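> could you work out the structure for the sequence below:
(4 chains)
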Protein chains: 2
Amino acid sequence: MGSPWKAIADDSRRQILLMLKDGEKTPSQIATHFDFTLAALSTHLKVLRDASLVSERKEGQNRFYSLNQKQSLGLVKFFELMWGYKLDSLKEYVENKEKKKTQ
Amino acid sequence: MGSPWKAIADDSRRQILLMLKDGEKTPSQIATHFDFTLAALSTHLKVLRDASLVSERKEGQNRFYSLNQKQSLGLVKFFELMWGYKLDSLKEYVENKEKKKTQ
DNA sequence: AAACTATTTAAATATTTAACTAATTACATA
DNA sequence: TATGTAATTAGTTAAATATTTAAATAGTTT
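Numbers count the residues shown, from 1 in each chain, chains lettered A, B, ... in the order given. Okay, the predicted model is just below:
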């Protein structure tokens, strides 16, 4: 499996992930938002797939890509680890954001 | 400022960050845990510094590096964004972990 | 001041990565 | 079956990155 950290390090690939948060999309749909070729996008999708950050579903001549949330949750584990298993910082951060939202 | 995503994409640099979670360390101390040279470590630290993931404190002939938590919290914002501002997944994840800890 | 210690910076090299064009695969439809 | 469409794979090139050795900087000690 490819490194999810390397996968997520690229600006375009992070944009792709954000693009998928509202539901699955085909490479052609995603490609319209970028300047580079479909071939380049295809390689980006491969990197994300190899890192298990996205899943691919085939339907006829189309392929649908969607977020694979589990793997990205795994990345948060690192931050958790970095903050000493305490989780306090992360939790406070999350709850703070939540307050802001409901204000 | 350098990209914190690129900074954190490297395995060695993530290890360095974890090494710092218990408190500040000098480059020489950190270097003992790696196979590469002190010069290589110095460049890794520069990348982390440029990404504001660590801070440097000078004292005599030593330099002490420490975690800069604020910036790494910023990275979590991306995951939050990816999960649709809902925060539910992240929150559930955090609380789940917390439960496990106290079990 | 000379020698030593801690660390960074510079220059060179090797590896990895991102992008392109062109070719290929796979499916759909006329 | 020929043509079109969707997407990937291959081969190439250019740029970025990681590492090394050697030199430089800065502070300490004798």
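> distance of the spatially most central residue of chain A relative to DNA strand D?
For chain A, residue A:17 is the residue whose C-alpha lies nearest the centre (CA atoms, centre = their mean; 3.7 Å). As for residue A:17, its distance to DNA strand D is 15 Å (criterion: CB to the nearest atom of the strand, to the nearest Å). Bear in mind the C-beta positions are built from the backbone N, C-alpha and C, glycine included.
> so that residue sits in a helix?
Yes. Residue A:17: assigned to a helix according to DSSP: H, G, I helix; E, B strand; the rest coil.
> strands along chain A, start to end?
Here chain A has its strands, by DSSP state E, at A:54-59, A:62-67.
> how about the residues of chain A near DNA strand D?
A:26-29, A:38-39, A:41-43, A:45-46, A:56, A:61-63 (CB under 7 Å from any atom of the strand).
> what about DNA strand C: which of those touch it?
Within the residues of chain A next to DNA strand D, those near DNA strand C by CB under 7 Å from any atom of the strand are A:39, A:43, A:61.
> the first one - how many residues pack around it?
Spelled out, that is residue A:39. 9 (other CB atoms under 10 Å in any protein chain shown).
> do the last one as well
Neighbour count for residue A:61, taken as other CB under 10 Å: 6.
> pLDDT score assigned to it?
Looking at residue A:61, its pLDDT is 89.
> try the second one
You'll see residue A:43 listed with a pLDDT of 98.
> which of the strands of chain A sits most buried?
Mean neighbours per residue, mean count of other CB atoms under 10 Å in any protein chain shown, is largest over these for strand A:62-67, with a mean of 17.
> now it, how far from the chain's geometric center?
Centroid separation between strand A:62-67 and its chain, computed with CA atoms, centre = their mean, to the nearest Å, is 13 Å.
> now do the domain split for chain A, please.
Domain ranges of chain A: A:4-67, A:76-102, per automatic domain parsing.
> lowest average confidence across the ones you listed, which one?
domain A:76-102 (a mean of 63).
> for chain A, what lies in contact range of DNA strand C?
Residues of chain A lying near DNA strand C (CB under 7 Å from any atom of the strand): A:6, A:9-10, A:12, A:35-37, A:39-40, A:43-44, A:47, A:60-61.
> any of those buried? List them.
Among those, the ones that count as buried by 16 or more other CB atoms under 10 Å in any protein chain shown are A:6, A:9, A:10, A:44, A:47.
> looking at those, spot the one nearest DNA strand C.
residue A:10 (3.9 Å; CB to the nearest atom of the strand).
> distance check, the residue nearest to residue A:54 when sequence neighbours are not counted against residue B:83.
The shortest distance from residue A:54 to any non-neighbouring residue, by CB to CB, 6 or more residues apart in numbering or on different chains, is to residue A:48 (4.5 Å). Separation of residue A:48 from residue B:83 (CB to CB, to the nearest Å) stands at 16 Å.
> so which of the two has more stuff around it?
Taking other CB under 10 Å, residue A:48 and residue B:83 do not tie; residue A:48 has more neighbours (27 against 19).
> I'd say the more buried one and residue A:12 touch.
No. Contact criterion CB atoms under 8 Å: residue A:48 and residue A:12 do not qualify, at 10.3 Å.
> I'd like the distance between residue A:65 and residue A:44.
10 Å.
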